[in-house]
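1. any chance you could fold what I've pasted below:
(2 chains)
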Amino acid sequence: GAGVSQSPSNKVTEKGKDVELRCDPISGHTALYWYRQSLGQGLEFLIYFQGNSAPDKSGLPSDRFSAERTGGSVSTLTIQRTQQEDSAVYLCASSSSRGARAGELFFGEGSRLTVL
Amino acid sequence: AQSVTQPDIHITVSEGASLELRCNYSYGATPYLFWYVQSPGQGLQLLLKYFSGDTLVQGIKGFEAEFKRSQSSFNLRKPSVHWSDAAEYFCAVGPGGGNKLTFGTGTQLKVEL
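-> Numbers count the residues shown, from 1 in each chain, chains lettered A, B, ... in the order given. Next comes the predicted model:
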């Protein structure tokens, strides 16, 4: 596609439920990132995929959070047993490691998660 | 570990006035530096980036930034602010090559007419 696509754009769930957030990166981009943006906070790094390498999961806040990237393209971020503090905007970005725009992150518009 | 500090949480300027947003970073090697803007209801958009070479970089919408290694800074400037510049601005640092960026907490810019 032309840009990074995320779905759903908005998700309201009840505490304790599981949620899945999807990211479709720019075609050909080898790197994919998940960030979390909470009110008054910056962008908190969650996880990073680069090609076929093992993902960098160092930013995942707890074992309730996981992510996978299938076929080197689409990624799903899963939050199990959601808590109210998980409420935030989850941003996905992708980048290429080659060319004039190497290293530049292209962001989706985010998935706003509200946990009641 | 890499880190970014944006000391100003909120800044208010009058339309037509000059603007400088501060960014200080901590990084062990030559950094790749970025400024992103997030307008209300929109995704993050790259304003400009510094990889190497000329330390004064030009970006979109009339913005520029200067890399000062001695001060570990990458401040964003604009000579004359427009009302449409009201947004949140994020500075970021990373190793380049498509590796993860570390972002600051952002500066919220308000423009008074």
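
2. direction included, what does the one helix or strand residue B:88 maps to pair against?
-> Residue B:88 belongs to strand B:87-94 when assigned by DSSP states H and E. Using DSSP bridges, strand B:87-94 pairs in its sheet with strand B:32-38 (antiparallel), strand B:102-103 (antiparallel), strand B:107-112 (antiparallel).

3. for residue B:96, give me the pLDDT.
-> On pLDDT, residue B:96 comes in at 66.

4. er, residue B:86 actually
-> pLDDT, residue B:86: 96.

5. count the neighbours of it for me.
-> For residue B:86, the count of nearby residues is 17 (other CB atoms under 10 Å in any protein chain shown). For every residue, glycine as well, the C-beta is placed using N, CA and C.

6. tell me the bridge partners for the closest residue to it other than its chain neighbours.
-> Sequence neighbours aside, residue B:111 is the residue nearest to residue B:86 in space, at 4.6 Å (criterion: CB to CB, 6 or more residues apart in numbering or on different chains). Beta-bridge partners for residue B:111, by DSSP bridges, are residue B:13.

7. which residues touch residue B:111?
-> Going by CB atoms under 8 Å, 6 or more residues apart in numbering or on different chains, residue B:111 touches B:12-15, B:81-83, B:85-86.

8. tell me which parts of chain A are close to chain B?
-> When proximity is defined by CB under 8 Å from any CB of the partner chain, chain A lies next to chain B at A:4, A:30-31, A:33, A:35, A:40-43, A:45, A:48, A:50, A:56, A:91, A:93, A:95-97, A:102-110.

9. returning to what we had before: mean pLDDT lowest where, among the strands paired with strand B:87-94?
-> strand B:102-103 (a mean of 91).

10. show residues contacting that strand.
-> A:35, A:42-43, A:45, B:2-4, B:36, B:90-94.

11. isn't there a helix covering residue B:20?
-> No: if the criterion is DSSP: H, G, I helix; E, B strand; the rest coil, then residue B:20 is strand and not within a helix.

12. residues touching it, list them.
-> B:75-77.

13. ok, those vs residue A:60, which is closest?
-> residue B:76 (30.5 Å; CB to CB).

14. give me the mean pLDDT for the helix or strand containing the closest one.
-> According to DSSP H and E, residue B:76 maps onto strand B:73-78. Averaging pLDDT along strand B:73-78 yields 98.

15. please apply the same query to stretch A:42-54.
-> 90.

16. what residues does that stretch touch?
-> A:30-38, A:55-61, A:65, A:67, A:69, A:72, A:75, A:77, A:90-91, A:97, B:6, B:90, B:92, B:98-106.

17. now it: buried residues?
-> A:42-50 (16 or more other CB atoms under 10 Å in any protein chain shown).

18. mind exporting it as PDB, just the C-alpha atoms?
-> Extracted C-alpha coordinates of stretch A:42-54, given in PDB (Å, rounded to 0.1, in the frame of the first residue of the first chain):
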ATOM      1  CA  GLY A  42       6.500  10.400  24.600                       C
ATOM      2  CA  LEU A  43       6.600   7.400  22.300                       C
ATOM      3  CA  GLU A  44       7.500   4.300  24.200                       C
ATOM      4  CA  PHE A  45       9.300   1.700  22.200                       C
ATOM      5  CA  LEU A  46       7.700  -1.800  22.400                       C
ATOM      6  CA  ILE A  47       9.200  -4.100  19.800                       C
ATOM      7  CA  TYR A  48      11.200  -4.000  16.600                       C
ATOM      8  CA  PHE A  49      11.400  -6.500  13.800                       C
ATOM      9  CA  GLN A  50      14.200  -6.400  11.200                       C
ATOM     10  CA  GLY A  51      14.000  -8.900   8.300                       C
ATOM     11  CA  ASN A  52      14.400 -12.500   9.500                       C
ATOM     12  CA  SER A  53      16.400 -11.500  12.600                       C
ATOM     13  CA  ALA A  54      15.000 -12.300  16.100                       C
END
